[in-house]
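In: Sharing a sequence plus its predicted fold:
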Amino acid sequence: MTEPATILIVDDEKHTRDGLRAALEDEFDVYVASSAAEAAEVLKSDNVDVLLTDLRLGADDGMKVLEDSMKLPKPPVAIMMTAYGSVDTAVEAMRRGAWHFVTKPLNLDEVDLLVKRAIRSRKLEKENVVLKQQVERKFSVQGILGQSEVMKPIISTIEQVAPSRASVLIEGETGTGKELVARAIHHLSGRPASKLVIVHCAALSPQLLESELFGHEKGAFTGASDKRIGRFELADGGTLVLDEIGEIEPSTQVKLLRALGEQTIERVGSSKPIKIDVRVVAATNKNLARLVEEGKFREDLYWRLRVVSVQMPPLRERKSDIALLAEHFAKDAADANGKPYKPLSDEVWPVLMNYDWPGNVRELRTVIEHGVVMCNTNRIMIRHLPGYLSGGSGLAAPRLAPTQGVNPENGAVVPPSLPDDLNLEGMERRFIHAALQRAGNNRTEAAELLGISRRTLHRKIAEMDVAARKRKKN
């Protein structure tokens, strides 16, 4: 038999408390409190489904009871009562998390209907959470979520290739989850207890990258004061992930090809071969086949890396996964930030679905965490998300299309005004500035947003500084 729902009535007027309890206790488990302090005790000790609280509680404030209830791990559905009804008060109560608002004198039949609707809403929320958990379990592999048609074959490929020793090449735009796929392949490989070593190739100069991958002997080059064990040796028996593989120099490509073909390496400054047992997974946001055609990447290395290929789709091509991902990120962000889980409101979904997500899944995660941190109601609303999503304030992706206006005197269309630096250099400068702003001046993240290497970003910033100094001198 299903247990009755729990109702907490908070009112400093005894006849109101008694009247509501008499009207509701035949169907529900009813608690009463005459003050904010009493209400707090009940809320702490019992899982309350519906909170029915007065706005004014003598010296106390019903809004505080409402806000305190919204901070609980499982906040109740809240209905605010008051004899001092106004639109402003109703709006403020709803802003702070109230589900509904009712004015005194109370109509008990109306209250009974409201409470039953509130309980149905609570029940649907619980069922929805359970359903989403079931869906997540069904459509996920090692944290990769996807129920869209484009993701199903990718998940199947990951499960099929993981137990093998085959090299895997993961391609896709920045933020699509390439590293997550690499980790999933490792953990499903049959050697998950072994080491998983990740190298971000673009972050290092050619000489440093070679030393990082293969190690070096003492005195091998200026600054090599000690012997260094390379990442291939560290990953022996496990998996080596080479991120941004498209950025490595030809000289390093040759040595990498030998390491993959012979499972043998030599440290820089040594001719002694070292046997290794390493499974390599490579990732890139570039089109390696095109780089091969352009002579910028070795064809033999390309085919050695691309025994199995995984092409991660951008989020704009898998929008049916947005709900699954957003709810998952909301739970993760709530746990990470010590906040209760709160579902996304219905008004949020059209905004998420209509946005193109240039930053892909990584941007969606950031947006949802922003909403979780900023939420002060029982649901995440549009106003809790970054402003640029709904056309409000906040950093948006740079817009290249100019606007045009109308001459108020004759009604003629005024040609769009263009910035003075509407050229490739000017556009590039604006995009770099926007990416740095979005990344909080973190150049590695900014480079990922722009789809270029960190080294390329450094070079472009240096070139911009030189150009700016020349313009200033002239």
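Out: On my side now, so go ahead.
In: Okay, and the beta partners of residue 53?
Out: Residue 53 has the following beta-bridge partners by DSSP bridges: residue 10, residue 80.
In: okay, now it: neighbour count?
Out: Neighbour count for residue 53, taken as other CB atoms under 10 Å: 26. In short, each C-beta sits where N, CA and C put it, glycine included.
In: swap in residue 367?
Out: 22.
In: Go ahead and confirm it touches residue 388.
Out: No - using CB atoms under 8 Å, residue 367 is not in contact with residue 388; the gap is 9.4 Å.
In: give the contact list for the residue nearest the centre of the chain.
Out: What sits nearest the mean C-alpha location of the chain, by CA atoms, centre = their mean, is residue 365, with 0.8 Å. Residues near residue 365 by CB atoms under 8 Å, 6 or more residues apart in numbering: 325, 329, 332-333.
In: So which of the residues you listed sit within helices?
Out: Assigned to helices by DSSP state H, the following of the contacts of residue 365 qualify: 325, 329, 332-333.
In: Would you map the strands across the stretch 351-474 of the chain?
Out: 405-406, 413-414 (DSSP state E, counting those that start in this stretch).
In: Over to the stretch 51-200 of the chain?
Out: Going by DSSP E, counting those that start in this stretch, the stretch 51-200 of the chain shows strands at 56-57, 60-61, 77-82, 100-103, 140-141, 144-145, 168-171, 196-200.
In: which stretch in those has the least confidence?
Out: Among these, strand 140-141 carries the lowest mean pLDDT, at a mean of 54.
In: re earlier: from the contacts of residue 365, which is closest to residue 211?
Out: Residue 211 lies nearest to residue 332 out of the contacts of residue 365, by CB to CB, at 36.3 Å.
In: Quick check on the contacts of residue 365: which are buried?
Out: Buried members of the contacts of residue 365, scored by 16 or more other CB atoms under 10 Å, are 325, 329, 332-333.
In: just those now: which is nearest residue 245?
Out: Once CB to CB is applied, the member of those that ends up nearest residue 245 is residue 325, at 26.2 Å.
In: these two touch, right, that closest one and residue 361?
Out: Yes - using CB under 8 Å, residue 325 is in contact with residue 361, at 6.4 Å.
In: just to revisit the earlier point, any idea how far residue 346 is from the residue nearest to the centre of the chain?
Out: 21 Å (CB to CB, to the nearest Å).
In: how many neighbours does residue 95 have?
Out: 12.
In: For it, give me its contacts.
Out: Residues in contact with residue 95 (CB under 8 Å, 6+ apart) are 376-377.
In: mind checking how far it is from residue 227?
Out: 63 Å.
In: and if you look at residue 464?
Out: According to CB to CB, residue 464 and residue 227 sit 40 Å apart.
In: do residue 281 as well
Out: Distance from residue 281 to residue 227, by CB to CB: 27 Å.
In: Next, the contact list for the closest residue to residue 449 other than its chain neighbours, please.
Out: Nearest-residue entry for residue 449: residue 435, 4.5 Å, with adjacent residues in sequence omitted and distances by CB to CB, 6 or more residues apart in numbering. For residue 435, the contact set (CB under 8 Å, 6+ apart) comprises 446-447, 449-450.
In: among these, which two are most distant?
Out: So, these by CB to CB: farthest apart are 447 and 449, at 7.3 Å.
In: Which secondary structure state does residue 310 sit in?
Out: Following DSSP: H, G, I helix; E, B strand; the rest coil, residue 310 is assigned to strand.
In: burial of the residue nearest to residue 75 when sequence neighbours are not counted, as a residue count?
Out: Excluding the flanking residues, the one nearest residue 75 by CB to CB, 6+ apart is residue 378, at 5.1 Å. By other CB under 10 Å, 24 other residues sit near residue 378.
In: With residue 252 instead?
Out: 20.
In: try residue 433
Out: 14.
In: Give me the below-cutoff pLDDT ranges for the stretch 301-450 of the chain.
Out: Applying pLDDT under 70 to the stretch 301-450 of the chain picks out residues 391-426, 440.
In: ok so, going back, touching, the residue nearest to residue 75 and residue 72? I think so.
Out: No - contact criterion CB under 8 Å: residue 378 and residue 72 do not qualify, at 9.9 Å.
In: what pairs with residue 275 across the strands?
Out: residue 264.
In: quick one: it from residue 305, how far?
Out: In terms of CB to CB, residue 275 sits 20 Å off from residue 305.
In: Give me the more crowded residue out of the two.
Out: Applying other CB under 10 Å to residue 275 and residue 305 shows that residue 305 carries more neighbours, namely 25 against 9.
In: So that one is in contact with residue 280, correct?
Out: Yes - counting by CB under 8 Å, residue 280 is a contact partner of residue 305 at 7.1 Å.
In: Now do the shared contacts for those two.
Out: In terms of CB under 8 Å, 6+ apart, residue 305 and residue 280 are both contacted by the residues 167, 260.
In: Outline the domain layout of the chain.
Out: Listed by automatic domain parsing, the domain ranges of the chain are 6-135, 149-313, 316-390, 421-473.
In: And residue 55, what's its pLDDT?
Out: 83.
In: Would you list the phi and psi of it?
Out: Main-chain dihedrals, residue 55, degrees, to the nearest 10: phi -70, psi -40.
In: Without its sequence neighbours, what residue ends up closest to it?
Out: Nearest non-adjacent residue to residue 55 (CB to CB, 6+ apart): residue 82, at 3.6 Å.
In: Pull the contacting residues for that neighbour.
Out: 54-56, 62, 89, 101, 103-104.
In: again, but for residue 71
Out: Applying CB under 8 Å, 6+ apart, the residues near residue 71 are residue 340.
In: Can you give me the distance of it to residue 10?
Out: Distance from residue 71 to residue 10, by CB to CB: 16 Å.
In: Then residue 245?
Out: 61 Å.
In: Then residue 292?
Out: 70 Å.
In: Neighbour count: these two, which is higher?
Out: residue 10 (27 against 16).
In: Check whether the more buried one really touches residue 63, as I assumed.
Out: No - counting by CB under 8 Å, residue 10 sits too far from residue 63 to count as a contact (11.6 Å).
In: can you tell me which residues contact the closest residue to residue 352 other than its chain neighbours?
Out: Nearest residue to residue 352, sequence neighbours excluded (CB to CB, 6+ apart): residue 322, at 5.4 Å. Applying CB under 8 Å, 6+ apart to residue 322 gives the contacts 315, 352-353, 364.
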